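K.L.:
A structural model of the following input is requested.
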Amino acid sequence: MQRDLVERAMAGDREAFAELQRASIDRLYTIARLILGDSDRAQDATQEALIAAWRALKGLRDPDKFDAWLRRLLVNACYHEARQQKRRVSMEGQVRPIDTEAADPARVAAVRDELDRALDALDPQQRALIVLHYYLGLPMHETGLILGLPIGTVKSRLNRTKQQMRASLEADARLPLLEGGAT
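P.N.:
Okay, the predicted model is just below:
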């Protein structure tokens, strides 16, 4: 079904592309929102990616790889949006993990806040790694394809990014102790 739509869109069928767009826009926006941490910029990046997809669709080599190709365009649009925003204002992030029903709401809020700060400390390329691999659950080889990186680079960057997040979370955990000891 999707392959047929992609092939029709590649041949210039605007309605086929509109249907592909409708089927993927929510997912694309969610990815962009997680990478950029801002809904307005995520909308801009999503729109930029879809425009780029329409313009470059005839160059897509394998219609079966449309989703991965579209995600790569989105990640690139997110990088572009982050560079533009960095020139305008400092970046802010508000990534929200999924609530668990049994969790204490106060603890969930505290963990969300800690994760927000740790993710906020990452650059957009690092966020993209975390979002693609952990949030979307993509295997490392597919994450590498989307980001244009060899699998070894994906593994090493994910490892460094996790270490950076861990260090940020540990520093946040020590901060109240230091502040409490100073008073």
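
K.L.:
domains of this protein?
P.N.:
Per automatic domain parsing, the structural domains of the chain span 1-92, 96-183.

K.L.:
out of the ones you listed, deepest packed?
P.N.:
domain 1-92 (a mean of 17; mean count of other C-beta atoms under 10 Å). C-beta here means a position set from N, CA and C on the backbone, and glycine is covered the same way.

K.L.:
host element of the residue nearest to residue 148 when sequence neighbours are not counted?
P.N.:
Nearest residue to residue 148, sequence neighbours excluded (C-beta to C-beta, 6 or more residues apart in numbering): residue 72, at 7.1 Å. Following DSSP states H and E, one finds residue 72 within helix 66-88.

K.L.:
now do stretch 166-175: everything it contacts.
P.N.:
By C-beta atoms under 8 Å, 6 or more residues apart in numbering, the surrounding residues in contact with stretch 166-175 are 114-115, 117-118, 121.

K.L.:
re earlier: so which elements touch the helix holding residue 72?
P.N.:
When contacts are defined as 3 or more C-beta pairs under 8 Å, 6 or more residues apart in numbering; DSSP states H and E, helix 66-88 packs onto helix 2-10, helix 14-36, helix 39-56, helix 124-130, helix 140-147.

K.L.:
so what secondary structure elements neighbour the next helix or strand after that helix?
P.N.:
Once helix 66-88 ends, the next helix or strand along the chain (criterion: DSSP H and E) is helix 105-120. Taking 3+ C-beta pairs under 8 Å, 6+ apart as contact, the helices and strands that helix 105-120 lies on are helix 151-182.

K.L.:
run the chain-centre distance for the helix it packs on.
P.N.:
Mean-position distance between helix 151-182 and its chain equals 19 Å (C-alpha atoms, centre = their mean, to the nearest Å).

K.L.:
quick check, pLDDT for residue 124.
P.N.:
Here the pLDDT value assigned to residue 124 is 88.

K.L.:
ok, now which ones touch it?
P.N.:
35-36, 78-79, 82.

K.L.:
ok, which pair from those is furthest apart?
P.N.:
36 and 79 (9.6 Å; C-beta to C-beta).

K.L.:
tell me where the model's unsure across this structure.
P.N.:
85-104, 174-183 (pLDDT under 70).

K.L.:
my guess is residue 74 meets residue 31, correct?
P.N.:
Yes: if you go by C-beta atoms under 8 Å, residue 74 and residue 31 touch, sitting 6.0 Å apart.

K.L.:
any idea how far residue 77 is from the residue nearest in space to the middle of the chain?
P.N.:
Nearest to the mean C-alpha position of the chain, counting by C-alpha atoms, centre = their mean, stands residue 35 at 3.5 Å. According to C-beta to C-beta, to the nearest Å, residue 35 and residue 77 sit 10 Å apart.
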